[in-house]
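Undergrad: here you go, sequence then predicted model.
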Amino acid sequence: MAYQYVNKQEALLAKVKGKTGKISDKTHEEHLKLYTGYVNKTNAILKELETLATTLDPANPAHANQIYSEIRSRKVDYTFAVGGILNHEIYFNVLGGTGGPATGKVAELITKSFGSFDAYKKDLKATAIAARGWVWTGYDPQTGLLFNYLGDAQNTF
């Protein structure tokens, strides 16, 4: 296989085990089971795509079309699975620290974007409750503001 995703479960768990306050180790372990499933599925799909590439014919609607085709089916599932890997790795890599309000440039952006750190936390929590998937705070270069984005599935980026 040309490339493969590595399961970083042990390193991710070691980073957070017993260190994240209100989030239990059991919760981390359950998330890491999901993560392992995403790694395994991503690698399986990559293997299927590699096999498909040997016979792929873009002119054949069974191979490539926007309603249902071999390539569409695998690539949509791939984006979901790889999104699960990336989202969980980001999640585990940002856990920890001492908590509390943001400082420096991030604090300035939060105040500019939401009015206060408390207003930011309220919006983030409400967005998370409204989501079926993930929530990310991101910077919008067009507005110069932060926004809490809702991703209903792993592959909505």
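TA: Alright, I've got the coordinates.

Undergrad: have a look at the chain and report its longest helix.
TA: helix 25-53 (DSSP state H).

Undergrad: and that one, average pLDDT?
TA: Average pLDDT, helix 25-53: 94.

Undergrad: packing partners of whichever helix or strand comes after it?
TA: Heading C-terminal from helix 25-53, the first helix or strand you meet, by DSSP states H and E, is helix 70-94. If you count contacts as 3 or more CB pairs under 8 Å, 6 or more residues apart in numbering; DSSP states H and E, helix 70-94 packs onto helix 9-16, helix 25-53. Glycine gets a C-beta too; all of them are placed from N, C-alpha and C.

Undergrad: any chance of TSV for the ones you listed, columns mean neighbour count and distance to residue 101?
TA: Formatted as TSV, the helices and strands packed on helix 70-94 follow (neighbours: other CB atoms under 10 Å; distance: least, CB to CB, whole Å):
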stretch	mean neighbour count	distance to residue 101
helix 9-16	15	22
helix 25-53	16	24
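
Undergrad: can you tell which of those is closest to residue 109?
TA: Closest approach to residue 109 among those (CB to CB): helix 9-16, 26.2 Å.

Undergrad: how many neighbours does residue 61 have?
TA: The number of residues packed around residue 61, counting by other CB atoms under 10 Å, is 13.

Undergrad: residue contacts, it?
TA: residue 69 (CB atoms under 8 Å, 6 or more residues apart in numbering).

Undergrad: could you report the pLDDT at it?
TA: 92.

Undergrad: distance of it relative to residue 53?
TA: 18 Å (CB to CB, to the nearest Å).

Undergrad: next, the angle from the longest helix of the chain to helix 70-94.
TA: 150 degrees (axes from the mean of the first three to the mean of the last three CA atoms, to 10 degrees).

Undergrad: now helix 25-53: how far from the chain's centre is it?
TA: With CA atoms, centre = their mean, to the nearest Å as the basis, helix 25-53 stands 13 Å off its chain's centre.

Undergrad: show me what that helix is packed against.
TA: helix 9-16, helix 70-94.
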